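K.L.:
can you look at this prediction? I've put the sequence above it.
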Amino acid sequence: MDGFVVKADFLPRLLQQLQENYQVVGPVRGEDDVCRLQPLDEWSEHQEFSLPRISVKKYLFPPNELLYTTKNGTFEPPPPPEQMAVVGVPSCDLYAVDFLDRVFADDPLYQRRRSNLLLVGITCHPSEDCFCPPRDTPPPFDLFLDEERVFSGTPRGDELLQQLGDRLIGEVEIDHDWTCEAQGPPLPENLERRWAANETKSFWEEIGGRCLGCGACSAVCPTCHCFDMQDRIDAAGNAVRHRIWDNCFFPNFALVAGGHDFHPTRGARFRFRCEHKLLGFGVFRGESSCVGCGRCRAACPVQIDILEALDHLREGAIP
Amino acid sequence: MIRTRIAYIRLTSCSGCQLTLLNCEEELARVGELFEPVRFEMLSSAADDGGPLAAVLVEGSAARPEEVQRLLDLRRRSRWLVAIGACALSGGVNRLVDDRQGEHCAAVYAGVCTGRNMFPPQSIDHFVAVDLCIPGCPPEPQEILGALLALQRGTLPGFLREHAVCMECRQRENLCLLLERKLPCLGPVTRGGCNARCPSIGIVCEGCRGYADQPAREEQAHLLRDLGLSERQVRERMGRFTGGNHETP
Ligand code: SF4
Ligand code: SF4
Ligand code: SF4
Ligand code: SF4
């Protein structure tokens, strides 16, 4: 990984350079004051940093993704994805990409999108909702902009810096502290045991009694990755299959044949969400996939807060 | 190619649902190739031959004995019965009628409606088994078309959403009117599938698609009260399209 001090016009020049080969998107604040990742034409649109409503996940794992169309008994795959560059990705969302990269390691459609996606990270200005966990290794990125410095993380990043060589001043040591200044509380010790001890506690049902089951929390999370399949017949008579985002707050999420529901209440659904985020499942058990972006806390219409669950676990007795 | 035999009937309703289908001009020619409208008054003047049907689509609520009779007859003839729109699903806005229905009718329609035997409008599942519900006031055109195309292939559609409007609203990265504008949006308890049509243009969800699966009705009512709505306003707002404006959620 190389680091350089850059000249003042590095950013606009980088954007011009990227526009030659990529569709360039970045955070844009709309008239409604909502920040979204959108196509960027020029640098001025990239206003003062703010977290987009939905992370770069929407390009890697789109909410409604065509998987295939069948025509006269043959399968037609979706067209290949465009080369895309996302500029201004904060480190929490970059760590989330690292997580998704591993979840979808064997998913050809995801991997095809991922290899066509160039990531330009940026030092973030935390909001009051963020609570990043401590980090000692850098997240994945091609380039990372840290005020007047730029770091390259991949050969693609190196190549871009070569092309922009006249905008670099001098090489610097990379002494960046990857732990964000909005550092949240570390996960409680013995989380697994605390979790097991809390299974029957009324805490979850109390929260479930406030929850609307709207699913906003999982919809905005940069590491949620559940999906469902939807088949339709189009007017021409072809069968079309889409992959759409699913959500563990949906009543049919854990419903199985015979009518048994593994999560029959909203309390059980909230507890399940916390388990997946904080403890993980399968090969990811023991790894928190919550990157601390705070989106779920900010999106919940009834102020249900994953930190409340963490506090509860931290304070609970362990056997 | 043998066309799939269908019927479309209207009970007590405004015809908005069938107009939604008939306005799909681009797709109508294809629909005509695939389906034979055995009985579909607004589309075809052909006389009903009384034979068996693959599907009958029913719009409107039942409010008269003749309507129930028609419903029962078509149910017997059809493999599938599809309820279309809020009126058929829950009684819809027809349920806003109060217990002085007869009085109002006499006042408004004077002589025209005398001798008509009416009862408070009901959802059609009170009278017949319903195989598929397409919600909305009116439903989304692509939901009706998609359902028809699935039925034509001999199956019920699997793409109709049963969860809340908020999911699609969040996916569209809208400003949340409930949370950020403190407006009485019904998205959290309303059945999705409309791609958050109203909140996406800054209008609160009025609940026209009826309740989502397992709606958090009490929690939503509580939230609306917190926003300053009176008990009666909460009841009216949540009950408008769900047939429940007489009850407290
Ligand atoms: S659980 Fe919440 S805070 Fe954690 S990554 Fe997901 S949206 Fe962000
Ligand atoms: S189970 Fe829930 S928390 Fe976990 S990824 Fe799926 S939607 Fe997100
Ligand atoms: S955003 Fe809040 S109310 Fe909605 S499902 Fe999540 S926890 Fe429940
Ligand atoms: S605006 Fe309404 S539908 Fe959209 S997320 Fe907010 S509550 Fe849900």
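P.N.:
Everything's here; your move. Predicted model only: the values in this text are computed from it and were never measured. Ligands and ions are numbered 1, 2, ... in the order given.
K.L.:
do stretch A:302-313 and chain B meet?
P.N.:
Yes: Stretch A:302-313 reaches chain B (CB under 8 Å from any CB of the partner chain) through A:V302. (Each C-beta comes from the backbone N, C-alpha and C, glycine too.)
K.L.:
tell me the mean pLDDT for that stretch?
P.N.:
Looking at stretch A:302-313 alone, the average pLDDT works out to 92.
K.L.:
how about it: buried residues?
P.N.:
Applying a neighbour-count criterion of 16 or more other CB atoms under 10 Å in any protein chain shown, one finds A:302, A:304-307, A:309-310, A:312-313 buried in stretch A:302-313.
K.L.:
can you tell me how far the most centrally placed residue in chain B is from ligand 2?
P.N.:
Centroid-nearest residue in chain B: B:G85, 1.4 Å away (criterion: CA atoms, centre = their mean). Relative to ligand 2, B:G85 is positioned 31 Å away (CB to the nearest ligand atom, to the nearest Å).
K.L.:
confidence score at the residue nearest to that residue when sequence neighbours are not counted?
P.N.:
Spatially, and ignoring its direct neighbours in sequence, B:G85 is nearest to B:C17 (4.0 Å; CB to CB, 6 or more residues apart in numbering or on different chains). pLDDT, B:C17: 97.
K.L.:
for B:C17, helix, strand, or coil?
P.N.:
Following DSSP: H, G, I helix; E, B strand; the rest coil, B:C17 is assigned to helix.
K.L.:
quick check: it vs A:L143, distance?
P.N.:
53 Å (CB to CB, to the nearest Å).
K.L.:
repeat that for A:F4.
P.N.:
The value you get for A:F4 to A:L143, if CB to CB is used, is 10 Å.
K.L.:
swap in B:I134?
P.N.:
According to CB to CB, B:I134 stands 49 Å off from A:L143.
K.L.:
once you drop chain neighbours, what's closest to residue 195?
P.N.:
All of this is about chain A. Beyond its immediate neighbours in the sequence, the residue positioned closest to A:W195 (CB to CB, 6+ apart) is A:L279, lying 6.0 Å away.
K.L.:
try chain B instead
P.N.:
With CB to CB, 6+ apart as the measure, B:E168 is the residue that lies nearest to B:N195, at 5.0 Å, once sequence neighbours are left out.
K.L.:
okay, now that neighbour: neighbour count?
P.N.:
26 (other CB atoms under 10 Å in any protein chain shown).
K.L.:
closest to chain B out of the buried residues of stretch A:302-313?
P.N.:
The closest of the buried residues of stretch A:302-313 to chain B turns out to be A:V302 (CB to the nearest CB; 6.8 Å).
K.L.:
by proximity to ligand 4, which residue of chain B wins?
P.N.:
Closest approach between chain B and ligand 4, counting by CB to the nearest ligand atom: B:G187, at 2.1 Å.
K.L.:
any idea of the pLDDT on B:E247?
P.N.:
In the prediction, the pLDDT value recorded for B:E247 is 69.
K.L.:
one step back: number of nearby residues for the residue nearest to A:W195?
P.N.:
19.
K.L.:
mind listing what it touches?
P.N.:
Shown in contact with A:L279 (CB atoms under 8 Å, 6 or more residues apart in numbering or on different chains): A:191-192, A:195, A:285-286, A:288.
K.L.:
just the closest of the residues you listed to chain B, please.
P.N.:
A:S288 (22.5 Å).
K.L.:
gap between the closest one and A:D305?
P.N.:
As defined by CB to CB, A:S288 lies at a distance of 16 Å from A:D305.
K.L.:
for the residue lying farthest from the centre of chain A, give me phi and psi.
P.N.:
Distance from the C-alpha centroid of chain A, by CA atoms, centre = their mean, peaks at A:N72 (37.8 Å). Summarising the backbone geometry of A:N72 under the convention degrees, to the nearest 10, its torsions are phi 50, psi 40.
K.L.:
contacts only, for it.
P.N.:
Listed by CB under 8 Å, 6+ apart, the contact set of A:N72 is empty.
K.L.:
and it, how far from A:A239?
P.N.:
When CB to CB is the yardstick, A:N72 and A:A239 sit 11 Å from each other.
K.L.:
buried stuff in the lowest-mean-pLDDT helix or strand in chain B?
P.N.:
Least confident element among the helices and strands of chain B, by mean pLDDT, DSSP states H and E: helix B:101-109 (a mean of 80). Of the residues in helix B:101-109, those buried under the neighbour-count criterion (16+ other CB under 10 Å) are B:C105.
K.L.:
elements contacting the helix or strand following that helix?
P.N.:
Sequence-wise, the next helix or strand beyond helix B:101-109 is strand B:132-134, with elements assigned using DSSP states H and E. Identification of packing neighbours for strand B:132-134 by 3 or more CB pairs under 8 Å, 6 or more residues apart in numbering or on different chains; DSSP states H and E yields strand B:78-84, helix B:85-90, helix B:141-152.
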